[in-house]
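Asker: Please work out how this folds:
(one chain, ligands or ions: 2)
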Amino acid sequence: MLQGTPILVLKEGTERERGKSATQNNIAAARAIADAVRTTLGPRGMDKMLVDSMGDITITNDGVTILKEVDVEHPAAKMIVEVAKTQDQQCGDGTTTAVVLAGELLKRAEYLLEQNIHPTVITRGFQIALQEGQRLLEKEIGTPVKADDERMLVDCATTAMGSKGVFGSRDELAKIAVNAVRKIVEHRGERTIADVDQIKIEKRHGGTIADTQLIDGIILDKERGHPRMPRQVKKAKIALVNSALEIKKTEIESKINIKSANQIQSFLDEEDKTFRRMVEQVKATGANVLITQKGIDDVVLHYLAKEGIFALKQVKESDLQKLARATGAKIVTGLKELSSSDLGAAESVEEKKVGDDDMTYVTGCQNPRSVSILIRGGTEHVTQEVERSLQDALKVVSSVLEDGVVCPGGGATEIDLSVKLKKFAPSVGGREQLAVEAFAQALEAIPWALAENGGYDAINTLIELRGAHDGAGANRNVGVNLVDGKAADMWKLHVVEPARVKRQAISSAVEVADMVLRIDDVIASKKTAPTPPGGGGGHDH
Ligand code: ADP
Ligand code: MG
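Answerer: Ligands and ions are numbered 1, 2, ... in the order given. Now for the predicted structure:
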């Protein structure tokens, strides 16, 4: 019955691309993204200036920032962007490396596809290479470090910040990052945990990068609620409240019929009593600092000031949580629930002038694992780039403390893996061997890009590196010295990275290359018109 009748599976007008051309197209898009960030790799990488639709600019060298900001259309290109984000979340560093590697793996895969090697064989080969690569990283390339090896931690932080636009202040910033992370490290049984989200970062432009400082405690971008409040409270007892200290305005406009002056007075008296009661409730608990997430009525602020209570209003929820952890306070939902046992403690709560504005410093907290970094710098662009660099450095230091393994940077790890994987490939055999070899070659893209971005002849550098990693007297720590483009021992140049960054970069790269290679059919579904608000609600497929 169906004979001769074409079966329409897809809606008319659906765009579809199949087989090789679909794969080629995806590879081309993914490679385009990789090419866009390749020139930013390493300390000699170039910066990108990103301009958004509002005309705001960001100048950065940070792979993930570039990819996040750029509006990418192609689905395969979007997958690459996702990889960069994963890498960033897991390690805070190595995003450009992961993307460049992914692009390079796909370039090599394309060549294999042209030789009629099936995508499944290629992805299988990549997986084999990845597994062996991870083993090599752990067993043969990584070097264990002790948590108290400060020099090594600072070197890792410096290397992570090496490529960012903060060159002049790198060493000071690296020390700040190391000190900050060491403060928040926890030991739970066998495990070491360094959760850098506990470190509060505030930035204020003005001053110079050198004024950036580590503060023992929590800093808040807020000034006290009333000028008569004390500027500083010592032996602070802190109440944290997440509701408003105001009289609720009713949703519907209500009319109050007031017939006489007496009534007005009693109405106002009533309001005043409520406000006074609020302040009494705070005072009764013994609190001398009150911090709320919502607003505080001006009259309440006035009475609080009279009582010598320091108050901050409209503090972000995440900051309230940090304060709770730092001072041991419990966040309460209303003044009624507030009791003296909910209060937190700090040596001092003080408003200080930073640049043109005031900030509040909560120092000497009950919990010693509360630290903040106050970033300073000439302009907003500078403080933003400092923040991005510090985020990388903090994550890197925490990775080293948590895992205790480092690798040489400057392309040394990649070239060593490459040389070792080339030797390993014949043991794989079959067509997968070709994919393992392709993987090994792809790794050379990292030292290549580092040398090229430094303005050196990458071919010469690579030949030197291969030689240094092979044969008698091989040294696995030899990478690109960006001062002269020659091969040098990265250990001696203090260019080191957490093993985690390398491990994650190669696995992210393989993951996305596999995803792109597995797709042989791209079907663009027609966009369904969005349902108008309130209308219908049924889905139109
Ligand atoms: P990613 O986003 O991948 O971290 P970067 O632009 O930060 O990219 O560059 C990181 C690369 O630069 C790493 O391979 C690292 O080892 C290398 N690198 C950093 N500092 C130096 C240096 N002083 N000499 C040589 N290579 C360096
Ligand atoms: Mg980096």
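Asker: separation between the closest residue to residue 292 other than its chain neighbours and ligand 1?
Answerer: Leaving aside its sequence neighbours, residue 292 sits nearest to residue 241 (Cβ to Cβ, 6 or more residues apart in numbering; 4.7 Å). The way it works is simple: take the backbone N, C-alpha and C, and place the C-beta from them, glycine included. According to Cβ to the nearest ligand atom, to the nearest Å, residue 241 stands 42 Å off from ligand 1.
Asker: What of residue 224?
Answerer: 41 Å.
Asker: hmm, back to that, so what sits opposite the residue nearest to residue 292 in the bridge?
Answerer: Beta bridges link residue 241 to residue 292, residue 332, judged by DSSP bridges.
Asker: Isn't it up against residue 334?
Answerer: Yes. Taking Cβ atoms under 8 Å as the definition, residue 241 is a contact partner of residue 334 at 7.2 Å.
Asker: which of the two has more neighbours?
Answerer: Using other Cβ atoms under 10 Å as the criterion, residue 241 and residue 334 rank with residue 241 on top: 27 against 12.
Asker: Check the secondary structure at residue 374 for me.
Answerer: Residue 374 falls in the strand class when you classify it by DSSP: H, G, I helix; E, B strand; the rest coil.
Asker: got a list of what it touches?
Answerer: Shown in contact with residue 374 (Cβ atoms under 8 Å, 6 or more residues apart in numbering): 202, 203, 204, 212, 213, 215, 219, 354, 359.
Asker: Mind listing the residues bridging to the fifth one?
Answerer: Just to be clear, that refers to residue 213. According to DSSP bridges, the residues that bridge with residue 213 are residue 374.
Asker: How many neighbouring residues does it have?
Answerer: The local packing of residue 213 (other Cβ under 10 Å) involves 13 other residues.
Asker: just the last one next, same as before
Answerer: The burial count assigned to residue 359 is 20, neighbours taken as other Cβ under 10 Å.
Asker: May I have the beta-bridge partners of it?
Answerer: Beta-bridge partners of residue 359, as defined by DSSP bridges: residue 352.
Asker: if we can go back for a sec, for the residue nearest to residue 292, report the pLDDT, please.
Answerer: pLDDT, residue 241: 95.
Asker: Distance check, it against residue 64.
Answerer: 37 Å (Cβ to Cβ, to the nearest Å).
Asker: Which of the helices or strands spans residue 290?
Answerer: Using DSSP states H and E, residue 290 maps to strand 289-292.
Asker: contacts for that strand?
Answerer: With Cβ under 8 Å, 6+ apart, strand 289-292 has contacts from 233, 236-245, 282, 296, 304, 309-315, 320, 323, 349.
Asker: which of those residues count as buried?
Answerer: Neighbour-count burial (16 or more other Cβ atoms under 10 Å) is assigned, among the contacts of strand 289-292, to 233, 236-242, 244-245, 282, 296, 304, 309-313, 315, 320, 323, 349.
Asker: Inside strands: which ones of those residues?
Answerer: Among the buried ones among the contacts of strand 289-292, DSSP state E puts 233, 236, 237, 238, 239, 240, 241, 310, 311, 312, 349 in strands.
Asker: For the residues you listed, give me JSON lines that also has distance to residue 186.
Answerer: Formatted as JSON lines, these follow (distance: Cβ to Cβ, whole Å):
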{"residue": "233", "distance to residue 186": "29"}
{"residue": "236", "distance to residue 186": "25"}
{"residue": "237", "distance to residue 186": "26"}
{"residue": "238", "distance to residue 186": "23"}
{"residue": "239", "distance to residue 186": "27"}
{"residue": "240", "distance to residue 186": "23"}
{"residue": "241", "distance to residue 186": "28"}
{"residue": "310", "distance to residue 186": "31"}
{"residue": "311", "distance to residue 186": "32"}
{"residue": "312", "distance to residue 186": "28"}
{"residue": "349", "distance to residue 186": "25"}
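Asker: Report the two of those residues separated the most.
Answerer: Taking Cβ to Cβ, the two most distant members of these are 233 and 241; they sit 16.7 Å apart.
Asker: How about the contacts made by the nearest residue to residue 102 once chain neighbours are set aside?
Answerer: Nearest residue to residue 102 in three dimensions, chain neighbours excluded: residue 509, at 4.1 Å (Cβ to Cβ, 6+ apart). Listed by Cβ under 8 Å, 6+ apart, the contact partners of residue 509 are 83, 98, 99, 101, 102, 105.
Asker: Let me know how buried the closest residue to residue 339 other than its chain neighbours is, in neighbour terms.
Answerer: Nearest residue to residue 339 in three dimensions, chain neighbours excluded: residue 285, at 5.9 Å (Cβ to Cβ, 6+ apart). Residue 285 has 18 neighbours, counted by other Cβ under 10 Å.
Asker: swap in residue 51?
Answerer: For residue 51, the count of nearby residues is 10 (other Cβ under 10 Å).
Asker: now residue 480
Answerer: For residue 480, the count of nearby residues is 35 (other Cβ under 10 Å).
Asker: Before we move on, what's the pLDDT of residue 322?
Answerer: For residue 322, pLDDT reads 91.
Asker: how near is it to ligand 1?
Answerer: Noted for residue 322: a distance of 28 Å to ligand 1, by Cβ to the nearest ligand atom.
Asker: How about whichever residue of the stretch 301-450 of the chain sits closest to ligand 1: what's its closest non-neighbour residue?
Answerer: Using Cβ to the nearest ligand atom, the single residue of the stretch 301-450 of the chain nearest to ligand 1 is residue 409, 2.4 Å away. For residue 409, ignoring the flanking residues on the chain, the nearest one in space by Cβ to Cβ, 6+ apart is residue 495 at 4.1 Å.
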